[in-house]
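Participant: sequence and predicted structure, then a few things I'm wondering about:
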Amino acid sequence: MKKLPLIVFALSCAMLSACGNGQKINAHNEKTAYRSVKMIKNRLPEDIRTEYEMSFWMIRDAKKSDDEFLSAIDNKLPQDIISMGREIYQQRKNEGFAQYQQYKTWEEMMAKYDRERMHQGKPRTDIKSTEDHTSNREITYKM
């Protein structure tokens, strides 16, 4: 009978410590890593979701080996992933990576991807382009 409270206490501590890892990526294998990243992304505020996701895929692109990639992201918080993404962006920009030369800053690149995400899935006629003022599309409806 004396062991029962001790066992209950140990189980309670174990459960509480497991709950504290809800914001960390579980990258023991590729499947759990992608599932973990998706769950974390869905819990993040809208304003940093794109930044988090883009950073994750930048890390994936930079780390070609699965083992290297999984060890790089295991037990990382969203802020850690974003910091790693910023570092990769700056490193590649300094190296002359063509895709990143069109952006002056990380924030400018994220703003572009945020705009694209906002318009994703909408029909072309619903999107008002702020970048293309030369097209004069006019839709006339007969009533």
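Facilitator: In hand now; what should we look at? Keep in mind the model is a prediction, meaning the values are calculated, not measured.
Participant: so how far is G96 from the residue nearest the centre of the chain?
Facilitator: Centroid check for the chain by C-alpha atoms, centre = their mean gives E53 as the closest residue, at 1.7 Å. Distance, E53 to G96, by C-beta to C-beta, to the nearest Å: 25 Å. For the C-beta atoms, the positions are set from N, CA and C on the backbone; glycine is no exception.
Participant: picking that back up, can you pull the contacts of the residue nearest to the centre of the chain?
Facilitator: E53 makes contact with 37, 41, according to C-beta atoms under 8 Å, 6 or more residues apart in numbering.
Participant: list the buried ones in the helix or strand encompassing it?
Facilitator: Using DSSP states H and E, the element containing E53 is helix 46-62. Going by neighbour count (16 or more other C-beta atoms under 10 Å), the buried part of helix 46-62 is 49-56, 58-60, 62.
Participant: now these as JSON lines including distance to T105 and pLDDT?
Facilitator: As requested, the buried residues of helix 46-62 are exported to JSON lines (distance: C-beta to C-beta, whole Å; pLDDT from 0 to 100):
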{"residue": "R49", "distance to T105": "19", "pLDDT": "91"}
{"residue": "T50", "distance to T105": "15", "pLDDT": "89"}
{"residue": "E51", "distance to T105": "13", "pLDDT": "93"}
{"residue": "Y52", "distance to T105": "18", "pLDDT": "94"}
{"residue": "E53", "distance to T105": "19", "pLDDT": "92"}
{"residue": "M54", "distance to T105": "14", "pLDDT": "93"}
{"residue": "S55", "distance to T105": "15", "pLDDT": "94"}
{"residue": "F56", "distance to T105": "20", "pLDDT": "94"}
{"residue": "M58", "distance to T105": "15", "pLDDT": "94"}
{"residue": "I59", "distance to T105": "19", "pLDDT": "95"}
{"residue": "R60", "distance to T105": "22", "pLDDT": "94"}
{"residue": "A62", "distance to T105": "19", "pLDDT": "94"}
